[in-house]
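> Sequence below, structure please.
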Amino acid sequence: MKFKRIAGLAAAALLALSCVSCSAGKIDCPADESSIHQSGESSGKENTQIPNPMTEVASADEINSRIDCFIKSLDGSEEEKYTVFSGETELGEYRFSVDGAEYVLRAAKTAGDISGVYTAEGLLGDIVEPDTVKDCGEGVFYEKWFDGDMQYSLYGSNTVAADFDTVAFFFKN
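All right, here's what the predicted structure looks like:
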C-alpha cells in the first residue's frame, strides 16, 4: 500500500515538473495552433506549409478529365486507387492488383521518366525504349508507350510475362 502511494506521488511530481519545464521554455513544446491563430502571434519560428501534390480521385474518368488522357479501369481488379499528381507536369496514376500481382499505370504529357522507379542502370523510364517490355527479373516487368504527346507506363510486380502482356494489351487498345 505504501509503495502505491509513493509511486503515485512520484508520478505526480514528474508530471508537475514537466509542466513547469514546458512553461519555462526549457523544453520545446508544441504550441496550441488554436491560440496562435486567435492571437495572431507565433513563437517566432517560421512555419511554411507546402500543398500536397497528390490528390486521390474516385475513378479513372476523373484522372482523364484532369490530365486529358485515356485510362480505363480493368475489370476484375482489386485494391484500386486513383491519384493525380499536380506540378509542372500533371501525372495520373492507377494502382490495382489482379490475382496477387500488383500494377501501376501512369500517364503524363512528357517525354521524361514517369516510372518513378530507380534501378542500378538509372531511371527505368529513361532506359526502356517505347513499346518494349523490360523484364526486370523476379516477376517485375515494365513497359512505356506513347499516344500522341501522352506517355503511358505500366509497372507490374509479382507477375509473369504472359499476364503482364495481357494487362498491357488491355490498356494500349
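
> show me where this protein has helices.
2-23, 33-39, 60-67, 124-127, 161-172 (DSSP state H).

> helices and strands around the last one, which ones?
Meaning helix 161-172. strand 101-108, strand 140-147, strand 150-157 (3 or more Cβ pairs under 8 Å, 6 or more residues apart in numbering; DSSP states H and E). Yep, even glycine has a C-beta here, placed from its N, CA and C like the rest.

> where does this protein have its least confident helix or strand?
Sorting the helices and strands of the chain by mean pLDDT, DSSP states H and E puts helix 33-39 at the bottom, at a mean of 40.

> which one of the helices and strands packed on helix 161-172 lies closest to Leu124?
strand 140-147 (5.3 Å; Cβ to Cβ).

> Show me what the closest one pairs with in its sheet, parallel or antiparallel.
Here strand 140-147 is paired, per DSSP bridges, with strand 134-137 (antiparallel), strand 150-157 (antiparallel).

> and these, which one's lowest on average pLDDT?
Within the strands paired with strand 140-147, the stretch with the lowest mean pLDDT is strand 134-137, showing a mean of 93.

> CA atoms only for that one, dumped as CSV, please.
Extracted in CSV, the C-alpha atoms of strand 134-137 (Å, rounded to 0.1, in the frame of the first residue of the first chain):
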residue,chain,number,x,y,z
LYS,A,134,11.6,-4.9,-69.9
ASP,A,135,11.9,-8.0,-67.7
CYS,A,136,13.5,-6.7,-64.6
GLY,A,137,13.7,-10.1,-63.0
